[in-house]
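# Here's my sequence, what's the structure:
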Amino acid sequence: MNPRNGAPPPGPAPNHPAPFALFYFLFSIFLLLAGCASPGEPVARKAQVPAPIADLSAEQQGNSVVLSFTLPAETSEHRPLKQPPAVEIYRAFAPAAGLSGAPPDLFFTIPPDVAGQYTEQQRFHWTEALSSEDFAQHPAGVVTYMVRTRASAKKASADSNLAELRIFPAPQPIPDLAAEITPAGVALHWTPPQKTITGSVPSIARYEIYRARARAQAQAAPPLLAPIATVESAAFRDSQVEIGQTYLYAVRSVSEHPGKILPSGDSNIVTITFQDIFPPAAPQGLVVVAVPAQGETPAHLELSWAISPEPDLAGYHVYRSEQVGVLGTRQNTNLLPAPAFRDMNVVPGRRYFYSATALDRSGNESPASAVASGGVPAEGNPGP
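Next comes the predicted model:
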């Protein structure tokens, strides 16, 4: 103690920690706490589940069933799918009401990497060919389809709507469709089908005719055949054709069943180029008239005949001979537009034998007309 004022005697200065020491202390505590904590578990990604299909439809075409629906492009949570899903097709030979809540059996699976082959503008089409056993083993003839899609192995989509279809054996496709060119157009004929896939004789109600115009070779896609007529007999004549055009034809037979009209599959396809290969009829009524000389115009022969009724008539030729039964040589240089001809190259006193032919715009020439003869009399002689 200070004896003068009672204050304590002086001692050493207090020991305050430096700033870096405080930082080190706090950082050590952080590392200790971090070391005591366990690493977090990875969060599992939720599998994508496609939205359910709601527009499944089934249609019988010939002896096949075509399923059609819109392929989902998003999940059930309305998020876009990363890729097209796999398609699972379920089938049961029973009415939809008779399934009692149990889904049909899985029948066919289409992997996602090939699903695009069945898709056009997001519409999926798949065809199942029915066999004779399908009809024999299920005489009720009712089949029900359902579809699920799957974007992962964990979970498929919800069930689609059920598509129920009554099936019947269709007539066998016509195998012998044939076509030929006639003056009035293309004539088709075929043999009516004699059996179905089950061997029974079909009851044919009518035939549907399909036609397409051939495309240029540069166009790889085959032309689409469109219906042009319906007939009841096994023959048809197509008069709506153009010269020089190539056409493709197919025929389907149609049978009638209770509550259903069922066409067969397509017949063989025939291709034909329509050409006018038929000549006009021979001209009629050819006459030859001798015309005496007048002034500076020498005596000559005038020919005329009836107008040919051909709708594609192009003109006429005239032939002359000095022998009966011989066609002779053609007298006109250019095609005659009218049924008349003046022969100025005749020798008085000779008899000539004439015939005329008609030509159409395709260059077909008719047979020769009946022969008509005539001549210019020689001077002082009343007849040739």
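
# quick one, domains of the chain?
If you go by automatic domain parsing, the domain ranges for the chain are 57-166, 178-273, 287-374.

# Could you give the average pLDDT over stretch 348-367?
The average pLDDT for stretch 348-367 rounds to 96.

# how about the closest residue to Gly374 other than its chain neighbours, phi and psi?
Nearest in space to Gly374, with sequence neighbours left out and distances taken as CB to CB, 6 or more residues apart in numbering, is Val288 at 3.3 Å. Quick note: C-beta positions are derived from backbone N, CA and C, even for glycine. With angles defined as degrees, to the nearest 10, Val288 sits at phi -120, psi 130.

# Who does Val288 form a beta bridge with?
Under DSSP bridges, the beta-bridge partners of Val288 are Leu303.

# what sits against it?
Contact analysis of Val288 by CB atoms under 8 Å, 6 or more residues apart in numbering lists Leu301, Glu302, Leu303, Tyr352, Tyr354, Ala372, Ser373, Gly374.

# roughly how far apart are Ala378 and Gly116?
Distance of Ala378 to Gly116, given as CB to CB, to the nearest Å: 92 Å.

# repeat for Ile197
Counting by CB to CB - Ile197 and Gly116 are separated by 31 Å.

# Next: Phe236.
Plainly put, Phe236 is 39 Å away from Gly116 if you go by CB to CB.

# The two: who's more crowded?
Comparing Phe236 with Gly116 by other CB atoms under 10 Å, the one with more neighbours is Phe236, at 21 against 12.

# Just to check, that one is in contact with Glu208?
No: using CB atoms under 8 Å, Phe236 is not in contact with Glu208, being 10.1 Å away.

# Return every residue with contacts to both of these two.
Jointly contacting Phe236 and Glu208 under the rule CB under 8 Å, 6+ apart are Ala229, Val251.

# on that earlier part again, buried subset of the contacts of Val288, written for ChimeraX?
Only the buried entries of the contacts of Val288 go into this ChimeraX selection, using 16 or more other CB atoms under 10 Å:
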select :301,303,352,354,372,374
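
# centre of the chain versus the longest strand anywhere in the chain, how much separation?
In the chain, with assignment by DSSP state E, the single longest strand is strand 246-257. Put simply, strand 246-257 sits 13 Å off its chain's centre (CA atoms, centre = their mean, to the nearest Å).

# From the contact counts, what lies against that strand?
strand 185-189, strand 204-213, strand 235-238, strand 260-263, strand 270-273 (3 or more CB pairs under 8 Å, 6 or more residues apart in numbering; DSSP states H and E).

# I'd like to know how many residues surround the closest residue to Gly363 other than its chain neighbours.
Spatial nearest neighbour of Gly363, excluding adjacent residues (CB to CB, 6+ apart): Ala314 at 7.9 Å. Neighbour count for Ala314, taken as other CB under 10 Å: 17.

# Ala314 reaches Arg361, doesn't it?
Yes: with contact defined as CB under 8 Å, Ala314 reaches Arg361; the gap is 4.8 Å.

# Give me the common contacts of these two.
If you check Ala314 and Arg361 against CB under 8 Å, 6+ apart, no residue is contacted by both.

# quick revisit: restrict the longest strand of the chain to CA atoms and write it as PDB.
Below are the C-alpha coordinates for strand 246-257, written out as PDB (Å, rounded to 0.1, in the frame of the first residue of the first chain):
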ATOM      1  CA  THR A 246     -51.200 -43.300-114.800                       C
ATOM      2  CA  TYR A 247     -53.600 -44.500-112.200                       C
ATOM      3  CA  LEU A 248     -53.600 -47.000-109.300                       C
ATOM      4  CA  TYR A 249     -56.700 -49.000-108.300                       C
ATOM      5  CA  ALA A 250     -57.700 -51.100-105.300                       C
ATOM      6  CA  VAL A 251     -61.100 -52.700-104.300                       C
ATOM      7  CA  ARG A 252     -62.600 -53.700-101.000                       C
ATOM      8  CA  SER A 253     -65.600 -55.900-100.500                       C
ATOM      9  CA  VAL A 254     -68.000 -54.900 -97.800                       C
ATOM     10  CA  SER A 255     -70.000 -57.400 -95.600                       C
ATOM     11  CA  GLU A 256     -72.900 -56.500 -93.300                       C
ATOM     12  CA  HIS A 257     -73.200 -57.800 -89.700                       C
END
